[in-house]
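Novice: I'd like to go over a predicted model; first the sequence, then the structure.
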Amino acid sequence: MKITIAFQHLDHTPSLDERIREKSEKINKYFDGKMNLKWNCYVQDLNHFAEVTLFGPQFEYHAKAHSDNLYKTIDLAVDKIEKQIIKRKEKTKNRIHRGHEEPVILDVEQAWGDRSDDDVA
């Protein structure tokens, strides 16, 4: 896993760096480490913004969050990207299991057997 962190209009502190790396490990548990994370943190109009982009061999996720506190913003961005990952994994899982049901073959004569020609309008 490769992590790139960029700060705009705010100071880069070791505690912020550690927080981002800690939250990135939370995202890493969904993959085998074959991904790149790009973080962009900035301040605009007294709001703290965090954008995270997750690149992999066959996927790309992006989340953006803002609040009055950068630590809270980082948590919100990680929650958003986790929801996207879980949703895609559930869709894939459902698609795989959907094809295993036995098809029901109905006989056309039996389906219309109890109706008479008078019932058809």
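Specialist: Looks like it arrived, so ask away.

Novice: Quick one: low-confidence residue ranges for this structure.
Specialist: By pLDDT under 70, the low-scoring segments of the chain are 96-121.

Novice: Strands along that one, start to end?
Specialist: Here the chain has its strands, by DSSP state E, at 2-8, 36-44, 47-55, 60-67.

Novice: what's the most buried one of those strands?
Specialist: Compared across these, strand 47-55 shows the largest average neighbour count, a mean of 19 (mean count of other Cβ atoms under 10 Å). Where you see a C-beta, it was placed from the backbone N, CA and C, and this is true even at glycine.

Novice: Mind telling me which residue is nearest the centre of this structure?
Specialist: The residue lying closest to the centre of the chain (Cα atoms, centre = their mean) is residue 84, at 1.4 Å.

Novice: what about stretch 44-62, how long is it end to end?
Specialist: From its first residue to its last, stretch 44-62 covers 19 Å (Cα to Cα, to the nearest Å).
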